[in-house]
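> Take this sequence and fold it.
(one chain, ligands or ions: 1)
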Amino acid sequence: MRVLVITGAGVSAESGIPTFRGKGGYWRNLDPAKLATPEAFARDPELVWQWYGERRERIRAAQPNAAHHAIAKLARHAADFLLVTQNVDDLHARAGLPNEKMVQIHGDIFVTRCSRCEFERHDYEHGQENVLPRCPKCNALMRPGVVWFGEQLPWSEAQRVEKFLSRGACDVVIVVGTTATFGYIIDWALRASCGGELIEVNPEETPLSQFATRLVREPAAIAVPRIIDELIDSRSSKL
Ligand code: OAD
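The predicted structure is shown next:
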C-alpha cells in the first residue's frame with residue numbers, strides 16, 4: 001500500500017493548538033496571517049517573537065492526539081508512506097512518526113535561524129523567547145525556522161515530496177484538517193491520488209472537497225483512527 005497523508009492545523013486542534021483561520025486563531029486581536037510574514041518581523045520582531053514564544057510553550061505543553069497516533073500507525077503498516085504536514089509543531093514526531101517519513105513543508109517552530117546567514121539551532125528548551133535572539137556568527141536577528149507568507153518553500157523538502165510523487169500514484173491519499181489554501185497542497189493531493197482514493201477529513205468544506213472520493217465531515221481525532229483501522233483491516237484481509 002502506497003499512502004500519502006497531508007495534514008494542516010486541524011489535526012492538532014484537538015491537542016489544544018489553535019488553527020490559523022478558526023476560532024482562537026487570533027492572538028491579542030492580531031491576525032496570525034499578518035504576524036507570520038517577513039513584513040511583520042521587519043516592523044516589530046519582538047512582537048513576532050512573543051507570538052512564537054507563546055506558541056512554542058503551548059506546543060510543548062500539548063500532547064499528540066488519536067489522529068497523530070493513527071497516522072504513525074499507518075506509516076508502520078504501509079509499504080511506502082509519506083506525511084506532508086503544514087504544521088510547525090512536533091506532535092506527529094512525538095506520536096512516533098520517523099523523520100524520514102515526514103516532510104514539514106512550512107518548517108519547524110523549534111528551529112531558530114539567522115535572518116541573514118546560514119546559522120541555525122534547535123531551541124526546544126524553554127527560556128530563549130523573552131529576549132530578541134541575535135546570531136552568534138553575524139549578529140543579525142535570529143528568526144523562527146518557519147516559512148512565512150510569501151516566502152519560498154524549503155527546496156530540499158519540496159524535492160522530497162516530488163521524489164515521492166515521481167515513484168507513481170498512491171492507493172490512498174488522506175488530507176486532514178487543512179483549508180488547502182495553497183495551490184501546492186491541492187496539486188500534490190491530486191497528483192498523488194490520480195485514479196486512487198482521496199479522503200478528506202475536515203468538518204468544513206474546502207477547495208479540495210470537490211475532488212475527494214470520500215468526504216468525512218468529522219473532527220480528526222474521531223475520524224482518522226477509524227478510517228486508518230478500516231484501511232489496515234481491509235488491506236490485511238486481501239493478503
Ligand atoms: P487553517 O487554520 O487554515 O485551517 C484549519 C482547517 O482545519 C480548517 O479547514 C478547519 O475546518 C479544519 N479543522 C478544524 N478543527 C478540526 C478538527 N478537529 N479536525 C479536522 N479538521 C479541523 O490551517 P492550515 O490549512 O493548516 O502557513 O493552514 C495552512 C497554512 O496557513 C499554515 O501552515 C500556515 C498558515 O498561514 C504558513 O504560515 C506559511
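> With only the CA atoms kept, save the lengthiest helix in the chain in PDB.
Of all the segments assigned as helix in the chain under DSSP state H, the longest by residue count is helix 220-238. Output in PDB follows, covering the C-alpha atoms of helix 220-238 (Å, rounded to 0.1, in the frame of the first residue of the first chain):
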ATOM      1  CA  ALA A 220      -9.700  14.400  13.100                       C
ATOM      2  CA  ALA A 221      -9.200  12.600  16.400                       C
ATOM      3  CA  ILE A 222     -12.500  10.800  16.000                       C
ATOM      4  CA  ALA A 223     -12.500  10.100  12.200                       C
ATOM      5  CA  VAL A 224      -8.800   9.400  11.400                       C
ATOM      6  CA  PRO A 225      -8.300   6.400  13.800                       C
ATOM      7  CA  ARG A 226     -11.400   4.800  12.400                       C
ATOM      8  CA  ILE A 227     -10.500   5.300   8.800                       C
ATOM      9  CA  ILE A 228      -7.000   4.100   9.300                       C
ATOM     10  CA  ASP A 229      -8.100   0.900  11.200                       C
ATOM     11  CA  GLU A 230     -10.600   0.200   8.300                       C
ATOM     12  CA  LEU A 231      -7.800   0.700   5.800                       C
ATOM     13  CA  ILE A 232      -5.400  -1.600   7.600                       C
ATOM     14  CA  ASP A 233      -8.000  -4.300   8.100                       C
ATOM     15  CA  SER A 234      -9.200  -4.200   4.500                       C
ATOM     16  CA  ARG A 235      -5.700  -4.500   3.200                       C
ATOM     17  CA  SER A 236      -4.600  -7.300   5.500                       C
ATOM     18  CA  SER A 237      -7.800  -9.300   4.700                       C
ATOM     19  CA  LYS A 238      -6.700  -9.100   1.000                       C
END
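> And that helix, what's buried?
Along helix 220-238, these residues count as buried under the neighbour rule (16 or more other C-beta atoms under 10 Å): Ala220, Ala221, Ala223, Val224, Pro225, Ile227, Ile228, Leu231, Ile232. (C-beta placed from N, C-alpha, C; glycine too.)
> Same list, those, but as a markdown table with pLDDT and distance to Arg94 please.
As requested, the buried residues of helix 220-238 are arranged in a markdown table below (pLDDT from 0 to 100; distance: C-beta to C-beta, whole Å):
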| residue | pLDDT | distance to Arg94 |
| --- | --- | --- |
| Ala220 | 98 | 16 |
| Ala221 | 98 | 15 |
| Ala223 | 98 | 21 |
| Val224 | 98 | 16 |
| Pro225 | 98 | 17 |
| Ile227 | 98 | 21 |
| Ile228 | 98 | 18 |
| Leu231 | 96 | 23 |
| Ile232 | 95 | 21 |
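> Also near the ligand: which of these, exactly?
Among those, the ones lying near the ligand by C-beta under 6 Å from any ligand atom are Ala220.
> chain center to the longest helix of the chain, what's the gap?
Between the centre of helix 220-238 and the centre of its chain there are 21 Å (C-alpha atoms, centre = their mean, to the nearest Å).
> follow-up on the earlier one: just name the closest of the buried residues of helix 220-238 to the ligand, please.
Ala220 (3.5 Å; C-beta to the nearest ligand atom).
> The ligand contacts on the protein?
Residues of the chain lying near the ligand (C-beta under 6 Å from any ligand atom): 8-10, 13-14, 19-22, 33, 36, 86, 106, 147-149, 177-179, 181, 201-204, 206, 219-220.
> Which ones among those residues lie within strands?
Judged by DSSP state E, strands contain the following of these: Val201.
> What about the residues of the chain next to the ligand, which are in helices?
Per DSSP H, the subset of the residues of the chain next to the ligand in helices is Gly10, Ala13, Ala33, Ala220.
> Throw these into CSV and include distance to Glu100, thanks.
Converted to CSV, those look like this (distance: C-beta to C-beta, whole Å):
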residue, distance to Glu100
Gly10, 25
Ala13, 26
Ala33, 31
Ala220, 23
